[in-house]
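[1] Fold the following and give me the result.
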Amino acid sequence: MLQLLTSPAWAPAGQSPSPLPLTLPAALLVLLATQPGWMSREALAVVFWPDATPAEASHHLRVNLHRARSLLAAWGMVDALQAERSRLRLDLPNDLATWRAALATADADWLARHGVAGWLQGWQLPRHEGFARWADEAAHQLQAEWLQACRQSPSGRNASHSAEPGEAALPGREAQLRRLATSPSPAVLLLGEPGAGKSALLRAAHPQAPRLQCLEGLHTLPYRPVLDALRAHKATLERALRETSHPLRPYRLDLARVLPELAPDEPLPPLDVTTAKVRLVEALVRAFEALAPALAVDDLQWCDSATLEWLLLLAQSGRLRWCATARRHELTDTVASGLQSLRATARLEEIDVPPLSAEAVALACNTRWPEQQFSPKRLDRLHAFSGGNAFLLGELVLAGQAGDDGNAPSPVRQSASRLLLARLKRQSDEVRCAVEAAAVFVQAVPADALRLQLADQGAAADEAAWSTALARAVGEGLLREDGALLACRHDLVREAVFAALKPARREALHRHAALWLATQPDADALVIAEHWRAAGEPQTALAWCHRGAEQLKARGRFDDARKLWRQVAEESLDAAQGLRARLELAACDLLDNLDRGAAALDAVQAQLGAVADAEARRQIEGRMLAAQVDNRVFAGDIARASAHAHRLRELLPALPVPDRVDALEVLIELAMREPDIPAAWALLAQLRSAAPGRPTLLSFEGQIHWFGGQVQAAHDALSRLLERHPAYCSGITVENDLAVMLHALGRIDEAEAMARASLRSWAGVAHTETLSLLVLGSVLGSAGRWVEAEQALTCALMLARDQASPGFEAEALVRRARVKLLSGRAAEAQSALDTAAPLLAASQEPLRVSQLVLLQVQVALALGQALPGGALARIERLAQGSSHPLVLARLATVRVAHAQRAGEVAEAQGHAAEVVRMARAAGLQEVLAEGLLLQAMAEAPGGEPVARQALALATRLGLAGLQQRVQGWLQDRPRDP
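    Numbers count the residues shown, from 1 in each chain. Predicted structure coming up:
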């Protein structure tokens, strides 16, 4: 039989498999063997020689088919290849055909043990990309078929699990294995003592399940076992992510935050505080749903809190079943509490793994070591001295002991430790060093990582001696191979060896572990910090804690990151390190409470002088100033933001590229609001040069166009961003900004949909929720839906006050005043404006202040009051520094009111016509309709034709409120005598 679902090989009946040669003829046989019937020569040739002419491809195919026949002849299967003039067929028994035949009727137990993860394992034909693509697509299709069969299979409750050929038997564990393999519970837990054989049971029941290996001492790392398991299935994940319709695809960049190898050259969108954790949790669920119908979790007692939360969510939702092992008496309070929540909702089945009985010990000995003669007396003593512990039983047999030394039986760990250390003592220095290093590393590592420790001992071993030492360590049952990695064979081995290390040796090994891990691109900083702490270097550990906090933040664990940064800030003796931590803490307040964040940044500024190194001080100052500018811009305090920006611009050339990029972004935000549009474009050019792949480039391009008054160009840039990077919606406010543009362009329904989409993308993020509610309230007000508009703006007002943002608060009040005015409540509008005015008294932002001034004038007109003094002069000053058509249209509207009050009819008509001209040129449809009504009113009683234009436009755009106003004016307009 041809084996394709493992490392490819030819396996004659009753003989050992022969590996398939990595050649072109063999690849032809592999491809033909998977076809259900005849395959055209042309289709086969194009896979291997896609760029060749038909004649050349046909020639290559004939030559290699001849060689393939020679391979078949060696197998005694020369007649299996059938050839006709234009087509070929290979009738060769293979495991893939057998698997497919069994797939339709298989139960859950069979499917759990017969996956396709090993398809063509390690068999890649160089220089033939077409075959590689075919193999990749076939793997994706097989995975999909298997998952579908698993989800549609019978529950298997009445199935019986039996070991298959090549599968290790587990004497005495038949009952537990049957329950584990057939349990319908969303979560199953194997409970037993160390060495009882829990992991072996888990592997036997679910050999195809991705394995989450929790490790002692690494329990503080969020999702560590989850991410390690996903890395082991990287190829399958990459195939799923390439499929545009796959459920995992929308979460590709969320997954790339914690597995950057999935998108190595793609910039990630900015991280938001609230949605990151939620999206990562969902991304991890979908990733494993793409791999298997169930998960296996080893050593749940050492599970980190984030992984535990995730597993509990899986069990409660029922989306993905998991089976775990745990040491009965070593469950932490957190794990025990989580399991209790599953018991309370009947989502957990617990299976006890008791010591082996005397009969099971006898069966195990005769099965595992058939070459030995086990007398009844020896079996009785092995049972007594092992206590039925499977691991200790193996150690006793390996040591040739059965309690014959006259000692009484002792506890499992004590006995296992004594036997293990005695065996280790008999090994060479190289073996001992490798095992000791593995005990300190805890996690599986490459052989070279263990070899580093030899240099510390002054031992020199050549490559051959080192390979021999590692092979002996594995053969002696001290180390185990995990793919290309090595680790202690069992936690009992690791615990015994680690406990026997002398303090100085232990510290030295921890130091080397930290140094080696620091060179690895995917190393967890908190693991390195723990090694440095164990090596007696707490300050070095704090430096890695800072980096660990950054990793926690990337995984959505913001509260945990804050705790670490507080620890670094409080305990670090390095002033620069402490201030960096305080900067990160201040940054966490940017979207929560601007005043608290500003105070924290001021405190950092006061301590800058404590940093002795000039370069480090300059870097910290640059980051601090960028944060201060950002903070004050969003607070609406442009004057203070500008003051901080002056010093930031001086530091800009000397800042490292990442810090310079961040600084350029906040300077662009400020320049747009000052407004200094040419400066904003110049800063964007610098940003594009420093970070050409930055996802925010198109966002800033759109925003600068908006603040510069090019509404359609702004819309187009933001639309391109959304089209190219739809996954960035939760990291960049592209939906919110597009809603602004759509509203300005008069596309009311689209603007509402986009604002609501932004609210969904940023749910729970107060800063962006406020922005989107402000836009939504304005859009609903334009649509004449007064109650909904006011509700949205009231929510925005509350959020603005919670964030201590006077800028947002003023925006919400002014927009509420507009809704109240349009709905006929001018007095209430006046009250809202009176509250907003002090908040904008010192503001020089043209868009914000011009809207306030316009509404103050319109409310005064509605109430029959005198026009507010200084309003015209204020808006004229703002317009001198702005070319935005909204600002200029508002200025012209205010001038119409003043001209009408002064009785200057011609002047009023001229200003009204100016509003229409500017709005039409800029594409501002609602402003155009408003301007047409204004023009009609200025030309009364001859303004009816213009008013009809306004009515038609308002009706087409869905501007219900404006439509009613135009209709009312047409009904009550002055008549031409």
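[2] Confirm for me that Gln900 is in contact with Ala908.
    Yes - contact criterion Cβ atoms under 8 Å: Gln900 and Ala908 qualify, at 4.8 Å. Every C-beta, even on glycine, is put in place using the N, C-alpha and C of the backbone.
[3] For the two, indicate the residue with more neighbours.
    Ala908 (23 against 19; other Cβ atoms under 10 Å).
[4] And that one, its phi and psi?
    With angles defined as degrees, to the nearest 10, Ala908 sits at phi -60, psi -40.
[5] Please report the distance of it from Ala892.
    Ala908 is 10 Å from Ala892, where distance means Cβ to Cβ, to the nearest Å.
[6] Kindly report the same for Pro171.
    Counting by Cβ to Cβ, the gap from Pro171 to Ala892 is 93 Å.
[7] between these two, who's got more neighbours?
    For Pro171 versus Ala892, neighbours defined as other Cβ under 10 Å are more numerous around Ala892 (23 against 19).
[8] show me where the stretch 751-900 of the chain has helices.
    All helices of the stretch 751-900 of the chain, identified by DSSP state H, counting those that start in this stretch, fall at 766-782, 786-802, 806-822, 826-836, 846-863, 871-880, 885-901.
[9] no wait, the stretch 601-750 of the chain
    614-635, 638-651, 657-673, 677-690, 697-707, 711-724, 734-744, 748-761.
[10] List the buried residues in the first one.
    What that stands for is helix 614-635. 616-635 (16 or more other Cβ atoms under 10 Å).
[11] can you give me the angle it makes with helix 638-651?
    Relative orientation of helix 614-635 versus helix 638-651 (axes from the mean of the first three to the mean of the last three Cα atoms, to 10 degrees): 150 degrees.
[12] what about helix 614-635, distance to the chain center?
    When distances are taken as Cα atoms, centre = their mean, to the nearest Å, helix 614-635 is centred 28 Å away from the chain's centroid.
[13] Output the contacting helices and strands for that helix.
    helix 575-588, helix 594-606, helix 638-651, helix 657-673, helix 806-822 (3 or more Cβ pairs under 8 Å, 6 or more residues apart in numbering; DSSP states H and E).
[14] mind running it again at 6 Å?
    Packing contacts for helix 614-635, counted by 3 or more Cβ pairs under 6 Å, 6 or more residues apart in numbering; DSSP states H and E, involve helix 575-588, helix 594-606, helix 638-651, helix 657-673.
[15] Okay, angle between that helix and helix 575-588 too, please.
    Using the same axes, to 10 degrees: helix 614-635 against helix 575-588 is 10 degrees.
[16] All further residue positions should be reported with the first residue as 87.
    Shifting the count to begin at 87 puts that one at helix 700-721.
[17] residues making contact with helix 700-721?
    Residues outside helix 700-721 that contact it (Cβ atoms under 6 Å, 6 or more residues apart in numbering): 662, 665, 669, 672-673, 680, 683-684, 687, 690, 694, 697, 726-727, 730-731, 733-734, 737, 740-741, 745, 748-749, 752, 755-756, 891, 893.
[18] Next, the angle from it to helix 680-692.
    Per the same axes, to 10 degrees, the angle that helix 700-721 makes with helix 680-692 is 160 degrees.
[19] Using PDB, write out every CA atom in helix 700-721.
    What follows is helix 700-721, C-alpha atoms only, in PDB (Å, rounded to 0.1, in the frame of the first residue of the first chain):
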ATOM      1  CA  ALA A 700      21.400  61.900  27.000                       C
ATOM      2  CA  GLU A 701      20.200  59.700  24.300                       C
ATOM      3  CA  ALA A 702      17.800  57.800  26.600                       C
ATOM      4  CA  ARG A 703      16.500  61.100  28.000                       C
ATOM      5  CA  ARG A 704      15.900  62.400  24.500                       C
ATOM      6  CA  GLN A 705      14.000  59.300  23.500                       C
ATOM      7  CA  ILE A 706      11.800  59.400  26.600                       C
ATOM      8  CA  GLU A 707      11.200  63.100  26.200                       C
ATOM      9  CA  GLY A 708      10.100  62.500  22.500                       C
ATOM     10  CA  ARG A 709       7.700  59.800  23.400                       C
ATOM     11  CA  MET A 710       6.300  61.900  26.300                       C
ATOM     12  CA  LEU A 711       5.800  65.000  24.100                       C
ATOM     13  CA  ALA A 712       4.100  63.000  21.500                       C
ATOM     14  CA  ALA A 713       1.700  61.600  24.100                       C
ATOM     15  CA  GLN A 714       1.100  65.200  25.500                       C
ATOM     16  CA  VAL A 715       0.300  66.500  22.000                       C
ATOM     17  CA  ASP A 716      -2.100  63.600  21.400                       C
ATOM     18  CA  ASN A 717      -3.700  64.100  24.800                       C
ATOM     19  CA  ARG A 718      -4.300  67.800  24.400                       C
ATOM     20  CA  VAL A 719      -5.600  67.500  20.800                       C
ATOM     21  CA  PHE A 720      -8.300  65.100  21.900                       C
ATOM     22  CA  ALA A 721      -9.100  67.300  24.800                       C
END
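[20] Quick check: mean pLDDT of that helix?
    Taken as a whole, helix 700-721 has an average pLDDT of 92.
[21] From Leu348, how far out is the residue nearest the centre of the chain?
    Nearest to the mean C-alpha position of the chain, by Cα atoms, centre = their mean, lies Asp340 at 2.5 Å. Going from Asp340 to Leu348 by Cβ to Cβ gives 10 Å.
[22] got it, and Glu876?
    From Glu876 across to Leu348, the span is 45 Å (Cβ to Cβ).
[23] Please apply the same query to Pro379.
    To Leu348, Pro379 is 22 Å away according to Cβ to Cβ.
[24] any chance of the helices and strands packed on helix 700-721 in CSV, plus mean neighbour count?
    As requested, these are arranged in CSV below (neighbours: other Cβ atoms under 10 Å):
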stretch, mean neighbour count
helix 661-674, 21
helix 680-692, 18
helix 724-737, 17
helix 743-759, 21
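[25] Could you check those and tell me which one is nearest Pro440?
    Pro440 lies closest to helix 661-674 among the helices and strands packed on helix 700-721, at 49.6 Å (Cβ to Cβ).
[26] list the helices and strands that closest one packs on?
    Using 3+ Cβ pairs under 6 Å, 6+ apart: helix 661-674 touches helix 644-657, helix 680-692, helix 700-721.
[27] please redo it, this time with the cut-off set to 10 Å
    helix 624-640, helix 644-657, helix 680-692, helix 700-721 (3 or more Cβ pairs under 10 Å, 6 or more residues apart in numbering; DSSP states H and E).
[28] Show residues contacting stretch 942-959.
    Stretch 942-959 is contacted from outside by 900, 903-904, 906-908, 910-920, 922-923, 938-940, 960-961, 976-977, 979-984, 986-987, using Cβ atoms under 10 Å, 6 or more residues apart in numbering.
[29] Over to stretch 993-1002?
    With contact meaning Cβ under 10 Å, 6+ apart, stretch 993-1002 is reached by 971, 974-988, 990, 1010, 1013-1025, 1029, 1032, 1035-1036.
[30] on that earlier part again, can you pull the residues that touch both of Ala994 and Ala978?
    Contacts common to Ala994 and Ala978, judged by Cβ under 10 Å, 6+ apart, are Leu1020.
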